[in-house]
Every structure is written in structure tokens, then in C-alpha cells.
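Asker: Have a look at this prediction, sequence included:
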Amino acid sequence: MGRGLFPDELSPSAYDIDYEAFYQKGYRGVIFDIDNTLVLPDAPADERAAALFQRLHQIGYGAIVLSNNKGPRVSSFAQGVGGDYVAGGGKPLPRGYRQAMRQIGTDEAHTLFVGDQIFTDVWGANACGLYTILTTPFTRREEIQIILKRILEWPILAVYKLIHHQK
Ligand SMILES: [Mg+2]
């Protein structure tokens, strides 16, 4: 399991993860961040995201988006991909992750978390005991408070990659 600020693994994107293999290992739920994880920040749900949710449901997963964004943005995105959602999630606090797991009927031992930020997504998911996958953000053009967190992410990513011998 990932610890603290360190993810269990890195992935180029949410669309490059072998969800079938994780299902074989016993995972039954996937919680996704939305912005810069499934689509560009504030972009609507697209065909690729909808196809991913459809694929996950076909495999047998419960799939849900967990966002700190407000209700309408999150609910319309969830509707677009045909998935469940938690809006105003309060990441990295545990409550949103726990709410998401309740809604898809999974627990921390059988749920993956996929997101692009260390200080919200990964930190909170680790605190809840989820398996955490950190994805590369689609764009670096972000709000100032996120850019500041990105700077803090650099040394953590550098250490992670040193430990795991990744480029
Ligand atoms: Mg994000």
C-alpha cells in the first residue's frame, strides 16, 4: 500500500491502467479524480471517459468520480460517463473517499484510487488505505494554488522515481 505522499504506482494516464489485471487481483472499485485525470480541467465528459466507465462496468467494477469541485460540474460529468459521483469531496480528508466507497459498495482493501495530485488525491487515498495510482496531469496550465502544490510535488516525485528506478 502507498504511504503518506507516495503513490503505489505511477501511470501516464487513467487510460493506460490495466484494470483487468487489478480485477484479477481482487479489486472491485475504482475512484477517480476528474480534472486533469479523466479530462482537461473543467472540460465536460468525453467519449473516451464514457468508454472507460463502460469498460469498467463490463469488467465488474463499481466506478465513481470524487471531486473537490462543486455539485453541478461533478454531477454533469458523472452523468456524461454514466457513473456515480461525490462532489465537494474535501480531499485529502477521508470522508469523501469513504462516501465514494459506500456508494459503490466496496472497501479500502478492494478499491483503487486514480488521480493526478499528490497533496489532495494521493495523500487522502493513502490515509484511507486505498491502492493509489498517480497519473500525469494532462496540462500544466492550472490555477495558481495548484501550481504551488505542483512545485511541492517535485521533490516527492524525484524521491519516488529514485526508489523505484523510474524515469
Ligand atoms: Mg485533478
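Answerer: The structure has been received and is ready for your questions.
Asker: can you map out the helices along the protein?
Answerer: Here the chain has its helices, by DSSP state H, at 19-24, 47-59, 71-81, 94-104, 123-127, 144-164.
Asker: Deepest-packed of these, please.
Answerer: helix 123-127 (a mean of 23; mean count of other C-beta atoms under 10 Å). Any C-beta I mention is one placed from the backbone N, CA and C, and that applies to glycine too.
Asker: for it, packing partners?
Answerer: Under the contact criterion of 3 or more C-beta pairs under 8 Å, 6 or more residues apart in numbering; DSSP states H and E, helix 123-127 touches helix 94-104.
Asker: low-scoring stretches of the chain, by residue?
Answerer: 1-2, 166-167 (pLDDT under 70).
Asker: tell me which parts of it are close to the ion?
Answerer: Remark: the part of the chain in contact with the ion comprises Asp33, Asp35, Asn36, Thr37, Asp116, using C-beta under 5 Å from the ion.
Asker: again, only using 8 Å
Answerer: For the chain, the residues in contact with the ion (C-beta under 8 Å from the ion) are 33-37, 41, 67, 115-117, 120-121, 137, 146.
Asker: could you dump the helices of the chain to a markdown table with distance to Ile133?
Answerer: Converted to a markdown table, those look like this (distance: least, C-beta to C-beta, whole Å):
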| stretch | distance to Ile133 |
| --- | --- |
| helix 19-24 | 9 |
| helix 47-59 | 13 |
| helix 71-81 | 18 |
| helix 94-104 | 14 |
| helix 123-127 | 9 |
| helix 144-164 | 13 |
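Asker: Give me the distance between the nearest residue to Gly60 once chain neighbours are set aside and the ion.
Answerer: In this structure, Gly60 finds its nearest non-sequential neighbour in Tyr23, 6.3 Å apart by C-beta to C-beta, 6 or more residues apart in numbering. With the distance defined as C-beta to the ion, to the nearest Å, Tyr23 ends up 24 Å from the ion.
Asker: Show the contacting residues for Tyr23.
Answerer: Ile59, Gly60, Tyr61 (C-beta atoms under 8 Å, 6 or more residues apart in numbering).
Asker: How about Tyr27?
Answerer: Here Tyr27 is in contact with Tyr61, His110, Thr111, Leu112, Tyr131 (C-beta under 8 Å, 6+ apart).
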